[in-house]
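*Asks:* got a predicted model here, sequence first, then my questions.
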Amino acid sequence: MDRKQSWNEPLDKDNILLIRILYSEDFKSIDEFAIVYCAIKDNASHEIIRYDCSKDEAVNVHQFFKRPPVKRYLGREKNWGTIYDLIADIRRNWRIYRSEYFR
């Protein structure tokens, strides 16, 4: 059985949410995840915001719409509740993030 799971969700025709999860070897927890919002403009893909963590790094956010880009740790657990909350944040706010990025 594959420990990796990934999918994407279109937010509209030029904006996409990408989700990738890596489970622990025993499938009892999440080792890593990435939740990425990308926008397409002028035939180029732009990474706007990324929530992620790894086996050795805590949950954090990369805000590429800020100048300079900002990375900060969120103090959140690596679990489905956190993943659902972060996906919901992007679904709610992607227009704002896009506007800030292309300003």
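*Replies:* Structure's in. What do you need?

*Asks:* next, the buried residues of the helix or strand harbouring residue 16.
*Replies:* Using DSSP states H and E, residue 16 sits within strand 15-23. Buried residues in strand 15-23, counted by 16 or more other CB atoms under 10 Å: 15-17, 19, 21-23. C-betas here are computed from N, CA, C, even on glycine.

*Asks:* swap in stretch 25-37?
*Replies:* Within stretch 25-37, the residues that count as buried by 16+ other CB under 10 Å are 30, 32-37.

*Asks:* in strands, which of those residues fall?
*Replies:* Among these, the members falling in strands are 30, 32-37 (criterion: DSSP state E).

*Asks:* what is the nearest of those to residue 80?
*Replies:* Lowest distance from residue 80 to those (CB to CB) belongs to residue 30, with 7.5 Å.

*Asks:* okay, now the unreliable bits of this protein?
*Replies:* For the chain, not a single residue meets the criterion pLDDT under 70.

*Asks:* can you pull out the strands in it?
*Replies:* According to DSSP E, the strands that the chain contains are 4-12, 15-23, 30-41, 44-54, 57-63, 70-73.

*Asks:* distance to residue 81 added to those strands, as TSV?
*Replies:* Formatted as TSV, the strands of the chain follow (distance: least, CB to CB, whole Å):
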stretch	distance to residue 81
strand 4-12	17
strand 15-23	13
strand 30-41	11
strand 44-54	13
strand 57-63	11
strand 70-73	17
